[in-house]
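K.L.:
I need the structure of the sequence given here:
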Amino acid sequence: MTTLVTGGAGYIGAHVVRLLQQRGEDVVVVDDLSTGDASRIGGATLVELDLAACDAVDALTGVMTKHGVDAVVHFAARKQVGESVARPAWYYQQNVGGMANLLTAMENAGVDRLVFSSSAATYGQPDVELVDEKMAGHAINPYGETKVVGEWLGRAAGVAWGLRFVALRYFNVAGAGWPELGDPAVLNLVPMVLDRLERGERPKIFGDDYPTPDGTCIRDYIHVLDLAKAHLAALDYLDHDERHHDAFNVGTGTGSSVREVIDEIGRASGIDTTPDIEPRRPGDPALLVGSPVLIERTLGWKAEAGLPEIISSAWEAWQAGPRRIDD
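P.N.:
This is a model prediction of the structure:
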């Protein structure tokens with residue numbers, strides 16, 4: 001079995017690559033290395049390539065044919081909500097264009113299994129405490145819209161030429177399965193807080209006037225290793241002839257607020273994490289927590305780590321990196 005992982009040198013992708021290698025599979029990583037690191041993929045074959053480039057289809061087709069690829073896990077995408085609001089056309093070009101190029105190459109090479117890294121951003125801002133898979137399609141920012149369109153493309157390819165497709169919609173990812181695979185980019189809440197602490201600055205909270213118990217946004221935080229295991233479960237699900245669902249929430253079903261996460265970082269690190277309050281960012285929903293019932297019932301997957309385990313592993317990974325925070 002040979003699996004191609006786009007974005008496999010990145011944070012989540014590197015965890016999936018390692019788990020695939022641990023179960024004896026060959027792995028090909030396609031990554032433009034804009035945020036990824038080639039040292040994170042072990043013995044996997046690396047192809048440096050921008051999926052949205054005009055010549056990507058021919059290059060991808062050649063890679064899949066040369067290496068006998070059987071399945072693809074697709075992570076490579078731009079993912080910052082605020083940036084997507086400021087640069088919507090570019091986000092569509094990168095995320096939707098990259099997905100279209102990948103699907104075309106898969107059809108050309110006869111590769112018919114795809115696990116797509118979707119997002120809880122496909123839900124927008126539903127007026128419920130727990131969102132289920134039927135509520136998608138109401139994104140409130142261009143990033144989320146590109147993920148909705150990515151799912152449409154995957155389903156359309158299934159009708160057109162028989163692609164076996166699963167989309168995993170996950171929420172806020174944090175932690176590290178191994179200290180050397182911590183989140184290397186300062187794009188998500190936990191590394192953003194640690195980055196500011198390392199620089200001797202206070203964490204920032206963007207908006208404390210949301211309609212939530214403490215006024216800060218609530219999200220479903222999932223351990224990156226739990227998430228990586230969900231991708232392998234989805235790959236195995238694609239081997240089944242009968243697949244009654246093609247999209248799954250990947251989460252814990254329990255929300256934590258931004259303030260609660262920052263407080264937990266303070267407990268794990270022993271550092272004062274009193275935050276500065278900034279204005280809201282555009283495109284951020286107040287509450288987004290997903291029901292994990294469908295994935296638990298269908299794939300037999302269940303999140304194991306809670307917020308304390310997530311944050312303690314993130315702290316350990318940060319301290320093992322080049323920007324250790326000294327007492």
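
K.L.:
past the helix or strand of the chain with the lowest mean pLDDT, which element shows up next along the chain?
P.N.:
In the chain, no helix or strand scores lower on mean pLDDT, DSSP states H and E than strand 287-288, which sits at a mean of 87. Sequence order places helix 293-299 as the next helix or strand after strand 287-288, per DSSP states H and E.

K.L.:
and that following helix, what's buried?
P.N.:
Buried positions in helix 293-299, judged by neighbour count with 16 or more other CB atoms under 10 Å: 294-295, 298-299. Where you see a C-beta, it was placed from the backbone N, CA and C, and this is true even at glycine.

K.L.:
now do the same end-to-end measure for stretch 207-222.
P.N.:
End-to-end distance of stretch 207-222 (CA to CA, to the nearest Å): 22 Å.

K.L.:
what sits up against it?
P.N.:
Outside stretch 207-222, the residues that touch it by CB atoms under 8 Å, 6 or more residues apart in numbering are 120, 170-174, 205, 250-261, 277-281, 284-290, 303, 305, 307, 310.

K.L.:
chain center to that stretch, what's the gap?
P.N.:
Centroid separation for stretch 207-222 versus its chain: 20 Å, with CA atoms, centre = their mean, to the nearest Å.

K.L.:
per-residue confidence averaged over it?
P.N.:
Model confidence over stretch 207-222, given as mean pLDDT, is 95.

K.L.:
which residues in the stretch 1-150 of the chain form strands?
P.N.:
Residue ranges of the strands in the stretch 1-150 of the chain, as given by DSSP state E, counting those that start in this stretch, are 2-6, 26-31, 45-48, 71-74, 113-117.

K.L.:
and G144, which of these is closest to it?
P.N.:
strand 113-117 (13.2 Å; CB to CB).

K.L.:
same for the closest one, what does it pack against?
P.N.:
strand 71-74, helix 97-109, helix 142-161, strand 164-170, helix 224-237 (3 or more CB pairs under 8 Å, 6 or more residues apart in numbering; DSSP states H and E).

K.L.:
what's the angle from that strand to strand 164-170?
P.N.:
20 degrees (axes from the mean of the first three to the mean of the last three CA atoms, to 10 degrees).

K.L.:
which strands border strand 113-117, and is each parallel or antiparallel?
P.N.:
strand 71-74 (parallel), strand 164-170 (parallel) (DSSP bridges).

K.L.:
need the winner for burial among those strands.
P.N.:
Mean neighbour counts were compared across those using mean count of other CB atoms under 10 Å; the top stretch is strand 71-74, at a mean of 25.

K.L.:
off-centre distance for that strand?
P.N.:
Using CA atoms, centre = their mean, the offset of strand 71-74 from its chain centre is 13 Å.

K.L.:
looking at the strands of the stretch 1-150 of the chain, spot the one closest to A185.
P.N.:
Closest to A185 of those, according to CB to CB: strand 26-31, at 13.1 Å.
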